[in-house]
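> just coords:
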């Protein structure tokens, strides 16, 4: 970790890291260095280079979501496939945090601090889930996965306002809706180890979605835009196909959703 180097350089390095071990280690090291002022936010940094795809391991094999088999929780393999799916989301979320740092320049210092924190949390979540998989006799890469999170990152690469609206507040917020039910099912099956991990992730993901809400509204204020109509318009343009209720109203409210935004989610998803 180069003392005095640009945050953007380190964000790019974390994005490029291919193996899970390298990406997690680079993320934690960069976040730790950033927190103690080990490197700067370079206001004169050149424009970001295009990122076609962040570094990924050869496995899991990426397929269309329709190609992923449905598995119940009744077997160890079924629960492992579920844990693997969540681990894959968290692995992608590491890259999404760093991409929010790397791709969007000229934002306030707190914006970068927030997304470095998010990337660091997501790396920890991924490690927790991977360790649980390994305890069950499986590992990350043993099941197929899809690339929907990164595809939305590419669609919103041109506009930080759209990114904040759609990745944290739509795709990642989906976890706020479904995780409580998954915890109940896992505890009913006696899998308290996995349920405990999901409890931690659910609690911390509220703060991550809240960061998206905060910076979405900041971007709207900067551009003189009313946030609620713009959020609805972005949902219609980009996210109609990926909206699924029911929605966790309490968690989403804690994460910065207004009553009108929650109503828009319900209406458009219906």
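Yep, that arrived. All values derive from a computational prediction rather than experimental measurement.

> For residue 117, what is the enclosing helix or strand?
For residue 117, the host element (DSSP states H and E) is helix 109-135.

> How about that helix, which residues are buried there?
The neighbour-count check on helix 109-135 (16 or more other Cβ atoms under 10 Å) flags 111-130, 132-133 as buried. All C-beta atoms are positioned from the backbone trio N, CA, C, and that covers glycine.

> gap between it and the chain center?
9 Å (Cα atoms, centre = their mean, to the nearest Å).

> any idea of the mean pLDDT in that helix?
Helix 109-135 carries an average pLDDT of 97.

> Kindly report the same for stretch 87-101.
Mean pLDDT, stretch 87-101: 96.

> What lies in contact with it?
Surrounding stretch 87-101, the residues in contact under the criterion Cβ atoms under 8 Å, 6 or more residues apart in numbering are 7-8, 11-12, 14-15, 20, 23-24, 27, 51, 54, 60, 112, 115-116, 118-120, 122-123, 125-126, 129-130, 133, 140, 145, 147, 149-150, 153, 160, 163, 167, 172, 175, 201, 208.

> ditto for stretch 113-128
Against stretch 113-128 from outside (Cβ under 8 Å, 6+ apart): 7, 14, 20, 23-24, 27-28, 30-31, 34-35, 87, 90-91, 93-94, 96-98, 100-101, 140, 197, 200-201, 204, 208, 211, 214-215.

> returning to what we had before: not counting whatever helix or strand comes next after the helix holding residue 117 itself, show me its contacts.
Note on helix 109-135: by DSSP H and E, the next helix or strand toward the C-terminus is helix 148-155. Taking contacts as Cβ under 8 Å, 6+ apart, the residues outside helix 148-155 that touch it are 53-54, 65, 89, 92-93, 95-96, 99, 162-163, 166-167, 170-172, 238, 242.
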